[in-house]
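S.K.: here's a sequence, model it:
(one chain, ligands or ions: 1)
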Amino acid sequence: MQRLFVALAMPEDIRDRLAGLGAGLPGARRVPPENLHLTLRFIGETDGAAARDAADALSRLDAGGFDLALSGVGAFESGGRARSVWAGTEPRPALDALQRKVDGALARAGVAMDTRKFRPHVTLARFSGACAARLGPWLAANGLFRAGPFAVEGFTLFESALGRGGSVYRPLVEFPLRPAAPAPRSGP
Ligand code: 3AM
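M.R.: Residues are numbered from 1 along each chain as shown. Take a look at the predicted model:
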């Protein structure tokens, strides 16, 4: 069995910016720079045949590349406690469209639908017991964070192996997107 998810890998310069952003978080387990990603869809434990079906469906997905900028920070909380902090994205219809196509492709491959709303984010750090209120200063200080835009030219099927030192993510298949349409020329 393999634990799988579909995500956008971050370019190295963006990962460097994100790693800097995560520094100085109180009581956090930071995501190692090489693991920083934007999840399009968590698939979960999958056997070999189902993984091949998922990869096959994803390979037939037709979507165009786009530019994406990261913007702002936030926290996911439950029960008054912060569970993770993340960097957000600027609104990007092409990103939402890609996520829906990934969902559709996986549904055709027999992966159960995820009913949660897609909230695009790059997780920077996780907490086991931090009080959400202590994060206020960090959230306020980094609210204007912005990185990119960078070109999204493909997406990746990752395997997540749960190790003692945390999760290790391994890219299994990279799926290219159609080249982005050239920006319209301005002026005469
Ligand atoms: O992109 P983030 O860090 O928000 O939390 C896991 C991570 O999300 C999430 O999948 C991403 C890649 O590991 N994840 C892990 N288990 C999950 C589950 N059972 C899950 N998402 C939904 N359901």
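S.K.: residue closest to the middle of the protein?
M.R.: Nearest to the geometric centre of the chain sits Leu38, at 0.9 Å (CA atoms, centre = their mean).
S.K.: I'd guessed it sits against Phe118; true?
M.R.: No: using CB atoms under 8 Å, Leu38 is not in contact with Phe118, being 10.4 Å away. Every C-beta, even on glycine, is put in place using the N, C-alpha and C of the backbone.
S.K.: OK, contacts around the residue nearest to the centre of the chain?
M.R.: If you count contacts by CB atoms under 8 Å, 6 or more residues apart in numbering, Leu38 has them with 7-8, 10, 89, 120-122.
S.K.: ranges for the strands of the chain?
M.R.: Applying DSSP state E to the chain gives strands spanning 2-9, 29-30, 37-46, 66-78, 81-89, 122-126, 146-152, 154-163, 166-176.
S.K.: put the alpha carbons of the fourth one into CSV.
M.R.: Included here for strand 66-78 are C-alpha records, laid out as CSV according to Å, rounded to 0.1, in the frame of the first residue of the first chain:
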residue,chain,number,x,y,z
PHE,A,66,-0.7,29.2,-15.4
ASP,A,67,1.1,31.7,-13.1
LEU,A,68,0.6,31.5,-9.4
ALA,A,69,1.5,34.0,-6.7
LEU,A,70,1.5,33.2,-3.0
SER,A,71,-0.1,35.7,-0.8
GLY,A,72,-0.8,36.1,2.9
VAL,A,73,-0.7,33.6,5.8
GLY,A,74,-3.3,31.9,8.0
ALA,A,75,-3.8,29.2,10.5
PHE,A,76,-6.1,26.1,10.6
GLU,A,77,-7.5,25.7,14.0
SER,A,78,-9.7,23.2,15.8
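S.K.: which residues touch it?
M.R.: Strand 66-78 is contacted from outside by 8, 14, 17-18, 21, 82-90, 92, 94-95, 98, 121-122, 124, 132, 135, 138-139, 142-152, 177, 180, using CB under 8 Å, 6+ apart.
S.K.: which bits of the protein sit near the ligand?
M.R.: The interface of the chain toward the ligand, taken as CB under 6 Å from any ligand atom, is made up of 5, 39, 42, 44, 123, 160.
S.K.: got the contact list for the third one?
M.R.: This means Phe42. Phe42 makes contacts with 5, 114, as judged by CB under 8 Å, 6+ apart.
S.K.: the first one too?
M.R.: With contact set as CB under 8 Å, 6+ apart, Phe5 has these partners: 39-43, 157-158, 160.
S.K.: show the buried residues in those.
M.R.: Neighbour-count burial (16 or more other CB atoms under 10 Å) applied to the contacts of Phe5 gives 39-41, 43, 157-158, 160.
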